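Trainee: sequence? don't have it. structure:
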């Protein structure tokens, strides 16, 4: 569904945006528009990915007029722009609201104006039972996308809105593995927040495969979640110690707004969640078409979730140290 399409990526200069761009170019997209507010990152990306099909739009998702212009004649939108740094957002909460909530509504409005075919917002585990402002704003973003169908006049608009939700990509900026590697290479003790802490594991390639699969099967108002294994934070430290060297560890305690375990579907959402072979689907109970009968008829290979109470990193299969070492090496995180 991506061949010969014109695609816009908000926040397109970030790690996910650049990975999406590379994969979409391989899929023979007609054109890719990168929408972001950081001109230096645009220049850097332009130098790193040289392809005439890429166009760079300077702009902020807070600016509806600019977004509306950028989405003209666009077929697909991946909405990845957001303010994400938890401590900064806690100090500047309304700035996060203006970007992550109002900006997301602007994306919806611009896509409706230009009758974009499909729009996918990229969510986070932090939106599940949020403990911090970042998670709360991303939850509201999801709610806006799930409810966006309410604005549609089927006779005028074809636009499909859906959300994808997953945790930190393994090795992404600000995640634990690059931090541990830097500490070991500078001969500092590895800082462990809590030895019992667990996190879901997803590589960038796995994230892209999941996003594209969800985009293909999404019919509107769903939240899709990948089926993942998890790791214990101490096992990551042990894997890196075996790959690099042992510089010791230091327990620093859980930070404000941080959870001991990640949750991707909570106890309440699980009641109206469904599963495919490789992912779950949260069906908005307020959307009248999401009856059991309609879901079974509309989605191939789907069944109701019956065997789990909630989908959290402490209850799924854990990746052993041996396999973590292989994943880290194959992802090129030691380079």
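Mentor: Right, received. Where do you want to start? Every value quoted in this text rests on a predicted model; they were computed, and no experiment measured them.

Trainee: and residue 278, what is it in contact with?
Mentor: 210, 213, 226, 227 (C-beta atoms under 8 Å, 6 or more residues apart in numbering). Where C-beta positions appear, they are placed from N, C-alpha and C, glycine not excepted.

Trainee: which of these are buried?
Mentor: Buried subset of the contacts of residue 278 (neighbour count, 16 or more other C-beta atoms under 10 Å): 210, 213, 226.

Trainee: Now the last one. Nearest residue, chain neighbours left out?
Mentor: So the one you mean is residue 226. Excluding the flanking residues, the one nearest residue 226 by C-beta to C-beta, 6 or more residues apart in numbering is residue 210, at 4.3 Å.

Trainee: unless I'm mixing things up, the one you found is touching residue 228, no?
Mentor: No. With contact defined as C-beta atoms under 8 Å, residue 210 does not reach residue 228; the gap is 9.1 Å.

Trainee: Return the set of buried residues in stretch 55-65.
Mentor: For stretch 55-65, the neighbour count (16+ other C-beta under 10 Å) marks 56, 57, 59, 60, 61, 64 as buried.

Trainee: Ok, stretch 188-202 next?
Mentor: Buried residues in stretch 188-202, counting neighbours by 16+ other C-beta under 10 Å, are found at 190, 192, 197, 198, 199, 200, 201, 202.

Trainee: What lies in contact with the helix or strand harbouring residue 33?
Mentor: Using DSSP states H and E, residue 33 sits within strand 31-36. With contacts defined as C-beta under 8 Å, 6+ apart, strand 31-36 is touched by 6-14, 17, 21, 24-25, 42, 45, 53-59, 61, 67, 70, 74, 81.

Trainee: In helices only, show me those.
Mentor: Of those, the ones assigned to helices by DSSP state H are 17, 21, 24, 25, 42, 45, 67, 70.

Trainee: all helices of the stretch 201-335 of the chain, in order?
Mentor: Assigned by DSSP state H, counting those that start in this stretch, the stretch 201-335 of the chain shows helices spanning 204-217, 233-243, 292-298, 321-330.

Trainee: Determine which of those helices approaches residue 279 most closely.
Mentor: For those, proximity to residue 279 was assessed by C-beta to C-beta; helix 204-217 is nearest, at 6.3 Å.

Trainee: same question for that closest one, mean pLDDT?
Mentor: Summarised as a single mean, pLDDT over helix 204-217 is 97.

Trainee: packing partners for that helix?
Mentor: With contacts taken as 3 or more C-beta pairs under 8 Å, 6 or more residues apart in numbering; DSSP states H and E, helix 204-217 sits against helix 15-26, strand 118-122, strand 160-164, strand 222-226, strand 279-283.

Trainee: Could you list the buried residues of that helix?
Mentor: Across helix 204-217, burial judged by 16+ other C-beta under 10 Å covers 204, 206, 207, 208, 209, 210, 211, 212, 213, 214, 215, 217.

Trainee: try stretch 87-95
Mentor: By 16+ other C-beta under 10 Å, the buried positions in stretch 87-95 come out as 89, 93.

Trainee: Where does the prediction get shaky in the protein?
Mentor: When residues are selected by pLDDT under 70, none of them lie in the chain.

Trainee: Looking at the buried residues of helix 204-217, which is nearest residue 326?
Mentor: Distance to residue 326 across the buried residues of helix 204-217 (C-beta to C-beta) is lowest for residue 206, with 14.3 Å.

Trainee: Report whether the expected contact of that closest one with residue 226 is present.
Mentor: Yes. If you go by C-beta under 8 Å, residue 206 and residue 226 touch, sitting 7.1 Å apart.

Trainee: if we can go back for a sec, farthest-apart pair in the ones in helices among the contacts of strand 31-36, please.
Mentor: Maximum pairwise distance in those, criterion C-beta to C-beta, is 22.9 Å, between 25 and 67.

Trainee: Looking at those two, which has the bigger crowd around it?
Mentor: Neighbour tally, residue 25 and residue 67, criterion other C-beta atoms under 10 Å: the higher count belongs to residue 67, 27 against 15.
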